[in-house]
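K.L.:
what follows is a predicted protein model with its sequence.
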Amino acid sequence: MSPTAFGWLILLFPLLGCILTAVGFRRERGVSAGAIGSLAIFLAFVCAVGALITLLGRSESSRQVTSSLWNYTFTAGVDAKLSILVDPLSVFMALVVSGVSTLIHVYSIAYLKSDRGYARFFSYLNFFVFSMLLLVLAGNFLLLIVGWAFVGAASYLLISFWYRRSTATRAGIKAFVINVLGDVGLVLGTFFIFRHTGTLDFLRAFHAAPHVFGHNSTDLVAGCLLLLVGAFAKSAQIPLHTWLPDAMEGPTPVSALIHAATMVTAGVYLIARMHPLFELAPTAADVGAIVGCLTLLVAATIAIVQTDLKRVIAYSTMSQIGYMIMGVSVGAYSAGLFHLMTHAFFKALLFMAAGSLISAMGGEQSLDRMRGFRKAMPFTFLCFMVGGLALSGLPPFSGWLSKDDIIAYLDHRGGGFEVLGILGYLGALMTGIYTFRMIFRAFFGEPVEEARELERGHLFHPESGFNPATGELEDADVGFPGPEHHIAERALAMKAPMAILAFLAVVGGVLQIPGIDASISRFLSPTFADSHLAGLDPSTGSAWVGLIIGAVIAVAGIGIAYRVWVLAPGTAARLQARLGRLHTFLLNKWYFDELIDLTVVRPAGWLGGFAESVLERGVIAGGITGGALGVVGAFSAGVRRLQTGFLRYYAAAMLVGAFGMALYFLISA
Amino acid sequence: MPIAWYLVVSALIFCIGGVGVLTRPNPLVILLCLELMLNAANLALVAFSRMWGNQAGQIFALIVMVVAACEVTVGLGLIVAIYRRRLAVNVDELNELRG
Amino acid sequence: MSAVLFFLAAIGALTGAIGVVMLRNPFYSVLALVGHLIFLAALFLLLRAEFVAAAQVVVYAGAVMVLYVFVVAYIGGGDEPLSTVGGGLKVLGPVFALALAVELCIALLGTGLKGVSARGAPYVLGFGTPREIGRLFLTSYLFPFEVASLLLMVAAIGAVVLARRRRGLEGGDEAESEVPAIRPANTGTMAESTGVRPGFATDPALEDPERAAAITAEGGW
């Protein structure tokens, strides 16, 4: 079978899974919905592997294959086709997406077991995977935009999955609105590029780009900046990042899949795919790099003070994506994508473990209330440690190799990019601090009540459900985290995926060790063959220097966290008292939400109010329709006065009329 | 006699009928005055028919008589129905069909 | 000779017309109209419209006016005021009619219309006879003839529909003050609550006949 046949199958299976679980949800009992959903994604993964093998079986120059199912040219007027592009980049993304998705599906089988919306969850999840795969396999701008929009919709559906919770629905809407903003940027950017290249197809647009665009031409820079707007919205970069922490309202598997491994990486994929355009517009690429760097620093500072467990991990995601965006903007494509892959592993692992820990706490997510779970949940603790070490970048874990790969490239490029590299090291230090702050606080120290109960073998359940954020009573009838909470230690369906991911987080780095092998770079080279930045890899020596520096910084970060939170327990409180205002500033997320509220939301509200009261009520309802009504009414009132009901007046009127007519004829004769 | 005289008589009868329609309150009398006006028209028709030697005028006058008969029938039926409903048989008081 | 007859007939017709309008008793108006019609038939005869004149007397004066007489007898008509209309129309009505008459006379007698002052077309044998009218009705003017008969049928049906008696709404001579008990007893009608008929007594205090009588005397609820 050809790679594109596998490509279409990759898309088909999740779609079928979604439809099956959606249609049969009334009749399905037990875990059949979960099984169907997971099987669908697993088949997609198998087909992705098949595509990989067949692609590798071809020669290097013919590894970018397209296949088109339908041609819309006649109806649309532009060369819009239902076509996919199977090339190393898309196969790489498809493997990561489908692989991690399979594991998360299996995890969800157990995690959401008693939830009333079980089948609905898997239907949405399959729809999401389908959209993400459509996005990465798209062969032209049209399908990319379609997949992009679908992914946003799936994210909305999944974030507000527990729809009776007001915080969840609000978060879903916030995420969707910001995503739509990104969609607008994406579509406008596409238009700017299409205007000159005249084609929507990727390969043809990229071939034509150097000929129709001058270096740093304004149209291209504008188009790439608009594409970046789309990327930033989807990947939660500043200033369109405010939706990601709120998106933690969704169930933990959702956070693991969408907001760690797949959807937020769509921006990274976009920049990597559009690299010919970005290389022709270095201004836009620089903007991307700077924003990525800014994000990674801001997110890291916020993560240090966050008290909600999932939000710490969310900000960590934001920060790591900042690394990736920085990487692919400056040309470190394989490094950035390598980090994407390893990040998917250890971040999904962290989220899964967090889900297990939250279940043990009976739904409570606040770090302030968690302590000393080391003995009660050893497997979860192990997963947290593996994920945390990989995230912090400790050798020999995969995160170490991938993160420092990016920073080494930056340092090698020199000039302004070295500054970005140094800031990247600073971010790595903070990464170590906040990651291990989280782990030390949750697992070390005096065990809390729930942990002690668990050590005795009894899982804690609260009597009635309260929304931890707002304290409102929750409608558990509609499928909240149901009466059963599932922890990893007890559910094999949760344990197995976490174990696999832990294994991958440990050994995943072997794919790209400087000087020893560069399988990812080599695999991705057909895609980036036309790039003049991709080949600028640092030498093995400088790469290893960078790796050692990175390892030292990681150890330093972990050490600082150990000292503050384990060795001298009062240090954190004292620091908070001394740097009170800084702490408040960071706790309020650098006041981004308030800023956006002030600059965007309130003016929009005023505009809406003005439109309603003045335009709608005054002009349209009052003036136009009211005026028309008034005129007609007045006219008919006037006419009505002729209808007196007295027969004789009518007769008199007729007589007067006859008189008048006769007079006219008389005069004209 | 010049035909003009017949036509003058017709005009006078027509206008007398018109005065009656406008001034009398009893619908019966109003219908009678309508009959007057129709007869005036008949006279004019027959006069013109004599003038031109065309018998179509007389045919027309006969048809007008038919129409007058029908109208009287229906009109009197209406008046009888009004009387039966115990409403005042007075056009000034029968004025509810108005805007 | 014909001039004398003409003037006699014309004056008679005009008198009848004025009588219709001015007489107070509707019955007398009807009789005045009958006279008018007969004088008009004389005018028709002078104009050589024999059949039309005969029809006028037989049909119009003979049948339609008899219908009028029946209705006036049924409804009754005593003397009534000549006009109850308000000031405006009482004056303006006749004024406008006079204006119309003057206008028409000017039109007719003035020099504008030439054809009117002729003496008429030469006489054709059989002009105005029933044979000629009948021939025309059945050949050239067949369609109007049929339509006229249809119209007569419609008018007859209409008259029947309008004047028929309806069940329940018994018109005619019966008084309507006695409202039949349409609503069943004990459903709380006004009659029951005021004590006109026995039934649903809402207030035990009303059982007291004195008080009930006092309340109804004051005008009911």
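P.N.:
Cool, the structure landed.
K.L.:
hang on, A:V298 in a strand?
P.N.:
No - secondary structure assignment places A:V298 outside any strand; it is helix (DSSP: H, G, I helix; E, B strand; the rest coil).
K.L.:
since we're on it, how many residues are nearby?
P.N.:
Close neighbours of A:V298, defined as other C-beta atoms under 10 Å in any protein chain shown, add up to 23. (Glycine included, C-beta is placed from N, CA and C.)
K.L.:
before we move on, what about B:G53?
P.N.:
Other residues near B:G53 number 14, with proximity taken as other C-beta under 10 Å.
K.L.:
next one: phi and psi at it?
P.N.:
Backbone torsions of B:G53, given as degrees, to the nearest 10, read phi 70, psi 20.
K.L.:
and what of B:R24?
P.N.:
phi -80, psi 140.
K.L.:
any figure for the gap between it and B:G17?
P.N.:
11 Å (C-beta to C-beta, to the nearest Å).
K.L.:
common neighbours of the two, please.
P.N.:
Common contact partners of B:R24 and B:G17 (C-beta atoms under 8 Å, 6 or more residues apart in numbering or on different chains): B:C33, C:V21.
K.L.:
of the two, who's got more company?
P.N.:
When B:R24 and B:G17 are compared for neighbours, B:R24 comes out ahead with 30 against 25, by other C-beta under 10 Å.
K.L.:
any idea how many residues pack against the residue lying closest to that one once chain neighbours are set aside?
P.N.:
Spatially, and ignoring its direct neighbours in sequence, B:R24 is nearest to B:I30 (5.8 Å; C-beta to C-beta, 6 or more residues apart in numbering or on different chains). By the measure other C-beta under 10 Å, the count of residues near B:I30 is 22.
K.L.:
my guess is B:I30 contacts B:D92. True?
P.N.:
No - under the criterion of C-beta atoms under 8 Å, B:I30 is not in contact with B:D92, lying 11.2 Å apart.
K.L.:
can you pull the contacts of residue 63?
P.N.:
Just so you know, I chose chain A. Residues near A:R63 by C-beta under 8 Å, 6+ apart: A:L55, A:D87, A:P88, A:P526, A:T527.
K.L.:
actually, chain B is the one I wanted.
P.N.:
With contact taken as C-beta under 8 Å, 6+ apart, B:I63 is in contact with C:P144, C:A148.
K.L.:
and it, what helix or strand is that in?
P.N.:
Counting by DSSP states H and E, the element that carries B:I63 is helix B:56-84.
K.L.:
got any residues that touch both of B:I30 and B:D92?
P.N.:
None of the residues lies in contact with both B:I30 and B:D92 under the rule C-beta under 8 Å, 6+ apart.
K.L.:
hang on, the earlier thing: which of the contacts of A:R63 sits closest to chain B?
P.N.:
Nearest to chain B among the contacts of A:R63 is A:D87, at 78.6 Å by C-beta to the nearest C-beta.
K.L.:
now the closest one. Nearest residue, chain neighbours left out?
P.N.:
Ranked by C-beta to C-beta, 6+ apart and with sequence neighbours excluded, the top spatial neighbour of A:D87 is A:Q64, at 4.0 Å.
K.L.:
does that neighbour really touch A:L203, like I thought?
P.N.:
Yes - A:Q64 is in contact with A:L203 according to C-beta under 8 Å; the separation is 6.4 Å.
K.L.:
the more surrounded of the two?
P.N.:
Between A:Q64 and A:L203, counting by other C-beta under 10 Å, A:Q64 is the more crowded of the two (21 against 16).
K.L.:
and A:P514, how far is that from A:M498?
P.N.:
With C-beta to C-beta as the criterion, A:P514 and A:M498 are 29 Å apart.
K.L.:
and those two? Which one has more around it.
P.N.:
A count of neighbours by other C-beta under 10 Å puts A:M498 above the other of A:P514 and A:M498, at 26 against 20.
K.L.:
what helix or strand is that one located in?
P.N.:
helix A:492-507.
K.L.:
which strands or helices does whichever helix or strand comes after that helix pack on?
P.N.:
Of the helices and strands lying after helix A:492-507 in sequence (DSSP H and E), the nearest is strand A:512-513. Here strand A:512-513 touches helix A:333-360, helix A:398-413, helix A:519-524, going by 3 or more C-beta pairs under 8 Å, 6 or more residues apart in numbering or on different chains; DSSP states H and E.
K.L.:
tell me which of these lies nearest to chain B.
P.N.:
That would be, of the helices and strands packed on strand A:512-513 and by C-beta to the nearest C-beta, helix A:333-360, which comes in at 73.8 Å.
K.L.:
can you give me how far that closest one is from the chain middle?
P.N.:
Average the C-alpha atoms of helix A:333-360, do the same for its chain, and the two points are 14 Å apart (C-alpha atoms, centre = their mean, to the nearest Å).
K.L.:
ok, which stretches of chain C are helices?
P.N.:
Secondary structure of chain C, counting by DSSP state H: helices at C:2-22, C:26-46, C:50-55, C:65-75, C:87-109, C:130-138, C:142-163, C:190-194, C:209-217.
K.L.:
can you redo those helices as a markdown table with mean neighbour count, mean pLDDT and distance to chain A?
P.N.:
Putting the helices of chain C into a markdown table (neighbours: other C-beta atoms under 10 Å in any protein chain shown; pLDDT from 0 to 100; distance: least, C-beta to the nearest C-beta, whole Å) gives the following:
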| stretch | mean neighbour count | mean pLDDT | distance to chain A |
| --- | --- | --- | --- |
| helix C:2-22 | 18 | 92 | 14 |
| helix C:26-46 | 22 | 93 | 16 |
| helix C:50-55 | 21 | 93 | 25 |
| helix C:65-75 | 17 | 91 | 17 |
| helix C:87-109 | 17 | 75 | 5 |
| helix C:130-138 | 15 | 89 | 30 |
| helix C:142-163 | 14 | 91 | 17 |
| helix C:190-194 | 16 | 64 | 31 |
| helix C:209-217 | 12 | 59 | 37 |
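K.L.:
out of those helices, which is closest to B:E35?
P.N.:
Closest of those to B:E35 is helix C:26-46, at 6.2 Å (criterion: C-beta to C-beta).
K.L.:
tally of neighbours for A:G292?
P.N.:
The tally of other residues near A:G292 (other C-beta under 10 Å) stands at 34.
K.L.:
for it, give its distance to chain C.
P.N.:
Using C-beta to the nearest C-beta, to the nearest Å, A:G292 is found at 82 Å from chain C.
K.L.:
having no further points to raise, I will conclude here.
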